[in-house]
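Trainee: Coordinates for the following, if possible.
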Amino acid sequence: MSTDNKTRVVTTYRLQEMKSRGEKIAMLTAYDYSMARIVDSAGVDVVLVGDSAANVMAGYETTVPMSLEHMIYHARSVTRAVKRALVVVDMPFGTYQGNSKEALASAVRIMKESEADAIKLEGGEEILESVQRILCAGIPVMGHLGLTPQSIHKYGTYSVRAKEEAEARKLIRDAHLLEAVGCFGIVLEKIPATLGAQVASELKIPLIGIGAGNGVDGQVLVIHDMLGINNEFSPRFLRRYANLYSVMTDGVSRYVSDVKSGDFPNEKEQY
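Mentor: From the prediction side, this is the model:
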């Protein structure tokens, strides 16, 4: 595969090259064909088919209800659209915790049925057996440490993680373990910026942050949050690059008004 043209296909190896030369990695979520086409054509390096679809697409309060079938559906829609970026798919809650054989079977289904490039799992030492088994099958794995939304019922809060020394030490240890077994990268969510920078400096693989400061190797946001489609979520780490909620509401309101008044369709819009 040539990577010398203008539309270079991003691979796990390419991400490693980017870290090595200090080039930041841009990552965003997408859950459907149309949005994925926009994200990919805009130059994003990694498209995450996140289980955050449970929140922004299905209206659930947490990511826990997301099923394997749901994730495969969204991933299949995204991979049809993406030509350049690496596509990573979240493994949903219950498909890898505590049963490495089930984890492998779930990962294989995602890869075969969606044609994605990699999968992502939340956790460290606790899920290491599942990570190892999946990697042994030749499936690229991205880790996820810090705030792990699938464990929200355990923590009971979405507050910043690893502020205390013991939890910070565990996060560092888990990051090294994930790198040692072969993960190609790790997402760090909602942790102190100094800790994020420390982990990124200690590891050779890319560290992608979401609320982990600017000392990591890249950033990821949920597309509905950064474009202002979801206007009810405003954590400190979120920068809104558009206000599509207002734009879309205005457009729909004007459409309704034109239909009600009989202005749409006019003579030029009829056959």
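
Trainee: For the protein, which element, helix or strand, carries the lowest mean pLDDT?
Mentor: helix 152-155 (a mean of 82; mean pLDDT, DSSP states H and E).

Trainee: Secondary structure element holding Leu188?
Mentor: For Leu188, the enclosing helix or strand under DSSP states H and E is strand 185-189.

Trainee: Bridge partners for the residue nearest the centre of the chain, pull those for me.
Mentor: Geometric centre of the chain, nearest residue: Leu48, 3.4 Å, by C-alpha atoms, centre = their mean. Beta-bridge partners recorded for Leu48 (DSSP bridges): Thr29, Val88.

Trainee: Residues in contact with stretch 11-27: which ones?
Mentor: 3, 8, 43-48, 86, 117-118, 140, 184-185, 204-206, 208, 217-220 (C-beta atoms under 8 Å, 6 or more residues apart in numbering). (Glycine included, C-beta is placed from N, CA and C.)

Trainee: Flag every buried residue along that stretch.
Mentor: 11-12, 15, 18-19, 25-27 (16 or more other C-beta atoms under 10 Å).

Trainee: Same question for stretch 240-254.
Mentor: Using 16+ other C-beta under 10 Å as the burial criterion, the residues of stretch 240-254 that qualify are 240, 244-245.

Trainee: nearest to Pro65, of those?
Mentor: Tyr245 (24.2 Å; C-beta to C-beta).

Trainee: where's the closest one relative to Tyr31, distance?
Mentor: Distance of Tyr245 to Tyr31, computed by C-beta to C-beta, to the nearest Å: 17 Å.

Trainee: so where's the stretch 51-200 of the chain shaky on pLDDT?
Mentor: Within the stretch 51-200 of the chain, no range satisfies pLDDT under 70.

Trainee: show me where it has strands.
Mentor: With DSSP state E, counting those that start in this stretch as the criterion, the stretch 51-200 of the chain has strands at 86-90, 118-120, 141-146, 185-189.

Trainee: can you put the ones you listed in TSV and add mean neighbour count?
Mentor: Listed next are those as TSV, based on neighbours: other C-beta atoms under 10 Å:
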stretch	mean neighbour count
strand 86-90	26
strand 118-120	24
strand 141-146	25
strand 185-189	27
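
Trainee: mind putting those strands in JSON lines, distance to Lys170 included?
Mentor: What follows is these, written out as JSON lines (distance: least, C-beta to C-beta, whole Å):
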{"stretch": "strand 86-90", "distance to Lys170": "22"}
{"stretch": "strand 118-120", "distance to Lys170": "19"}
{"stretch": "strand 141-146", "distance to Lys170": "9"}
{"stretch": "strand 185-189", "distance to Lys170": "13"}
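
Trainee: So for Tyr96, which of those sits nearest?
Mentor: strand 118-120 (8.9 Å).

Trainee: what distance separates that closest one from the centre of its chain?
Mentor: Centroid displacement of strand 118-120 relative to its chain, using C-alpha atoms, centre = their mean, to the nearest Å, is 9 Å.
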